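> one predicted model, sequence on top.
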Amino acid sequence: RSSLAPNLTTCHRSLSDADRPVYCCPPKPASEESVIDFQFPSPSSPLRIRRPAHLLDEEYIAKYEMAVAKMKQLSYDHPHSFMRQANIHCIYCTGAYNQENSTSLLKIHRSWLFFPFHRMMIYFHERILGKLMGDDTFALPYWNWDAPPGMVIPAMYSNGSLREEQRDRAHLRPQAADIDFDYVESGLGREEQISKNLAFMYHQMVSGAKKTELFMGCKYRAGEDGFCDGPGTIELAPHNALHTWVGSDLNPERENMGAFYSAARDPIFYAHHANIDRMWTVWKKLRGHEPEYVDPEWLNSYFYFHDENAQLVRVRIRDVLDFSKLRYAYEEADLPWLNARP
Ligand code: C2O
């Protein structure tokens, strides 16, 4: 049986979560570009250390803000432009590509594609930002929503190019984040919200995630009827929950963060996904680095991204499982939820 991959000649109009038509394809079809297979960065290249957004200093924030501003100024023809970066997410999330050798749509949520796809997406985004600022040590911030100081929208996302108007006004700083938000306000005070969040994290990372599929998501197979629709614990919440919580209640689909097609237009998306990715590394460590799946259909599934040189690259899931080979890391941080067994 074959693995999942997009057919690049098929980019077409797709549907938002509420079934409204959206179009997020590149101006020139990616199928007309040359493609190379992914190569690991040199083992001697600098390690990019991702740190919690709330601990970053002004110098870092100013550099990051400037690089995002540059991305926003690039024209849509450029694969590094902010809108093209955001539309990678739209393309793969709303099913703008058919699968290779099939007329079925390819979608990367609600299954075992979730963690690897997003790891790849932010890996390239980070390297492009580094290139724009001329700093090959640049690392994305992560939104540390699993620890009390991070349970609020990080301050850096209120200014300049990192600011986004389309967010729920009631959830701006200093409102404590409800990491299990489901369209209804919890009404809890800060302290109660925090302890509820910590107990919830324990469930999503430990007690509710003992089997691989519960955490990683179900086994989505290529071809018609292959879609399994079984998201992992973390994908449902805090992942989906915080997308919804951040997005604006004034918009029909809580855009930007609240809808797949528009989510990556909010710069906080990348910090949110850095923490999602970090949770994957933590879960894997907690289970002794045992492989997630050894199924070749998963390992050989691939997606395409433009790298920092604007070259289109084919990346297989097997390429991104050992993230130390990707030359980034997460700064060691407390995991307060590990002791929050309810
Ligand atoms: Cu592809 Cu956070 O969603």
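Ah, there it is. Nothing here was measured: the structure is a model prediction, and the numbers come from that model.

> residue of the stretch 51-200 of the chain nearest the ligand, please.
As assessed by C-beta to the nearest ligand atom, the ligand sits closest to residue 93 within the stretch 51-200 of the chain, at 5.0 Å. For every residue, glycine as well, the C-beta is placed using N, CA and C.

> wait, is that residue part of a helix?
Yes: counting by DSSP: H, G, I helix; E, B strand; the rest coil, residue 93 is part of a helix.

> what count of nearby residues applies to the residue lying closest to it once chain neighbours are set aside?
Nearest residue to residue 93, sequence neighbours excluded (C-beta to C-beta, 6 or more residues apart in numbering): residue 260, at 3.8 Å. Other residues near residue 260 number 23, with proximity taken as other C-beta atoms under 10 Å.

> isn't residue 260 right up against residue 94?
Yes: under the criterion of C-beta atoms under 8 Å, residue 260 makes contact with residue 94 at 5.8 Å.

> what do the two both touch?
Listed as contacting both residue 260 and residue 94 by C-beta atoms under 8 Å, 6 or more residues apart in numbering are residue 16.

> just checking, residue 22 touches residue 90?
Yes: assessed by C-beta under 8 Å, residue 22 is found in contact with residue 90 at 6.5 Å.

> and the stretch 101-250 of the chain, which of its residues are near the ligand?
109, 118, 239, 243 (C-beta under 6 Å from any ligand atom).

> how much space separates the third one from residue 269?
As defined by C-beta to C-beta, to the nearest Å, residue 239 lies at a distance of 11 Å from residue 269.

> which SSE is the residue nearest to residue 93 in?
Assigned by DSSP states H and E, residue 260 falls within no helix or strand.

> what sits against it?
So residue 260 contacts 16-17, 89-90, 93-94, 109 (C-beta under 8 Å, 6+ apart).

> also residue 290?
Residue 290 makes contact with residue 284 under the criterion C-beta under 8 Å, 6+ apart.

> what backbone torsions are found at it?
Dihedral pair for residue 290: phi -60, psi 140, per degrees, to the nearest 10.

> so what's it scoring on pLDDT?
Residue 290 is assigned a predicted lDDT (pLDDT) of 96.

> please report how far it lies from residue 321.
Going from residue 290 to residue 321 by C-beta to C-beta gives 12 Å.

> please apply the same query to residue 119.
Per C-beta to C-beta, residue 119 is found 9 Å from residue 321.

> which of the two has more neighbours?
Per other C-beta under 10 Å, whichever of residue 119 and residue 321 has more neighbours is residue 119, with 23 against 19.

> following the strand or helix carrying the more buried one, which helix or strand shows up next?
Here residue 119, judged by DSSP H and E, is contained in helix 114-133. Next along the chain after helix 114-133, taking DSSP H and E as the criterion, comes helix 190-202.
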